[in-house]
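# model this:
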Amino acid sequence: MSDPAPGRSARASSGARGDPPPERRDRRSLFERLVERLSPGPDSKAELIRTLADAENRELIEPESRLMLEGVLRMADLIAGDVMVPAPHMDLLDIGADYDELLHSVISTAHSRFPVYEGRRENVIGILMAKDLLKLQRAPELNLRTLLRPAVFVPESKRLNELLRDFRSNRNHLAIVIDEFGNTAGLITIEDVLEEIVGEIEDEFDEQEQESGIYTLADGSHRVAGDVAIAAVNEAFGCGLAEGEFETIGGLVADHLGRVPRRGESVTLGPLRFTVMITRGGAVRWFRVRREPGPASSADGGDVD
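Here you go, the predicted model:
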């Protein structure tokens, strides 16, 4: 029996595999190479961010998607020390405090987890879940130490993308940040890391806060949005902060300092003390505001710490 013709055999084999003819393959790869030459991909992170902005302008992606993608890219350049709460402004619980004192601290700060220290604030011995205080209420004979969970320590230089991976794998939501000498530098939560990607994570009070920008907390202090008008603050607190060329309380505080205040930093203006709770995008998102006891100082003579 004679062998089939070579040309016919090659065509049959090609058809059996379902591959396109060689001419079509060549033409397609040539087109792809031409597109790559005319529109090369981004060569840097900044160029990639500009490409995302262009994709949003052409309505290829939603604005929220672009912001999250940019957040992921920028997060890779951030370390724990960039977004942590500094040690002097950490809300801590003393292992030797009585139940009423612990409960007051938990209610006034409204956190779900607290580092617990013994002796010195730098000596963190564990983490207390706020909900575990209920066990002490029902069984006062319990030792607080038995309710503590192990504290996780990370260096200031820990990259946020690595930290997020650790949070997810270890199922931890809070870590104590230490400096190069092993001292406590601050703390960071999984929410702090996620907010670098998705923006501020709103809580159950935010619907009311968005209406007025001022919310009364359980301890009598207030949360005030940075974009609240100075006139609204004056009306709410019965004070007379000078408006001048600024309309918002965030602008007034930043002007008083000569820069954007850092998270945890405090400044006194008139009878009010403003402590930065959250910053976002180079501006203060939320202040904690308390009325200062004693004679009120003027806005021009406020102090900073």
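
# drop to CA atoms for contacts and neighbour counts, all remaining ones
OK.

# What helices and strands are in contact with the helix or strand encompassing Tyr215?
Using DSSP states H and E, Tyr215 sits within strand 214-216. The helices and strands touching strand 214-216, judged by 3 or more CA pairs under 8 Å, 6 or more residues apart in numbering; DSSP states H and E, are strand 222-225.

# And the strands in this protein, which stretches?
Using DSSP state E, the strands of the chain run over residues 85-86, 93-94, 113-118, 120-129, 153-155, 174-178, 184-189, 214-216, 222-225, 266-269, 272-280, 283-291.

# Point out the one among these that comes closest to Arg145.
Between Arg145 and the strands of the chain, the shortest gap by CA to CA is with strand 120-129, which sits at 8.4 Å.

# Show me what that closest one is packed up against.
Using 3+ CA pairs under 8 Å, 6+ apart, strand 120-129 sits against strand 113-118.

# what pairs with the strand it packs on, and is each one parallel or antiparallel?
strand 93-94 (parallel), strand 120-129 (antiparallel) (DSSP bridges).

# Let me see the residues that make contact with the longest one.
The contact list for strand 120-129, computed with CA atoms under 8 Å, 6 or more residues apart in numbering, reads 92, 112-118, 147-151, 183-184.

# out of those residues, which is most surrounded?
Using other CA atoms under 10 Å as the neighbour criterion, Pro115 leads those with 26 neighbours.

# and that one, how far is that from Gly240?
Pro115 is 38 Å from Gly240, where distance means CA to CA, to the nearest Å.

# Worst mean pLDDT across the helices and strands of the protein, which element?
Lowest by mean pLDDT, DSSP states H and E among the helices and strands of the chain is helix 6-17, with a mean of 46.

# hey, where'd the helices end up in this structure?
6-17, 22-38, 45-57, 63-75, 80-83, 99-109, 133-138, 160-170, 190-198, 206-212, 230-237, 249-257 (DSSP state H).

# Would you mind giving the ones you listed as a markdown table with mean neighbour count added?
Output for the helices of the chain, formatted as a markdown table (neighbours: other CA atoms under 10 Å):
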| stretch | mean neighbour count |
| --- | --- |
| helix 6-17 | 11 |
| helix 22-38 | 11 |
| helix 45-57 | 15 |
| helix 63-75 | 17 |
| helix 80-83 | 21 |
| helix 99-109 | 15 |
| helix 133-138 | 13 |
| helix 160-170 | 15 |
| helix 190-198 | 19 |
| helix 206-212 | 12 |
| helix 230-237 | 15 |
| helix 249-257 | 20 |
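
# To Val177, which of those lies closest?
Of all these, the one in closest proximity to Val177, counting by CA to CA, is helix 80-83 (7.2 Å).

# what's in contact with the closest one?
Against helix 80-83 from outside (CA under 8 Å, 6+ apart): Pro155, Glu156, Ser157, Lys158, Arg159, Leu160, Leu163, Val177, Gly186, Ile188, Asp192, Val193.

# For it, give the mean pLDDT please.
Taken as a whole, helix 80-83 carries a mean pLDDT of 86.

# And for stretch 261-272?
Mean pLDDT, stretch 261-272: 86.

# what about that stretch, how long is it end to end?
16 Å.

# What is the distance between it and the centre of its chain?
Distance, stretch centre to chain centre, for stretch 261-272: 20 Å (CA atoms, centre = their mean, to the nearest Å).

# Please list all residues in contact with Leu93.
Leu93 sits next to Leu102, Ser105, Phe114, Pro115, Val116, Tyr117 when contact means CA under 8 Å, 6+ apart.

# how about 7 Å then?
Leu102, Phe114, Pro115, Val116, Tyr117 (CA atoms under 7 Å, 6 or more residues apart in numbering).

# Kindly report the same for Leu174.
Leu174 touches Ile188, Thr189, Ile190, counting by CA under 7 Å, 6+ apart.

# remind me which residues of the stretch 51-200 of the chain are low pLDDT?
199-200 (pLDDT under 70).

# now do 90
51-79, 81-91, 96-112, 121-122, 130-147, 161, 168-173, 180-182, 190-200 (pLDDT under 90).

# Phi and psi next, for Glu265.
Main-chain dihedrals, Glu265, degrees, to the nearest 10: phi -80, psi 150.
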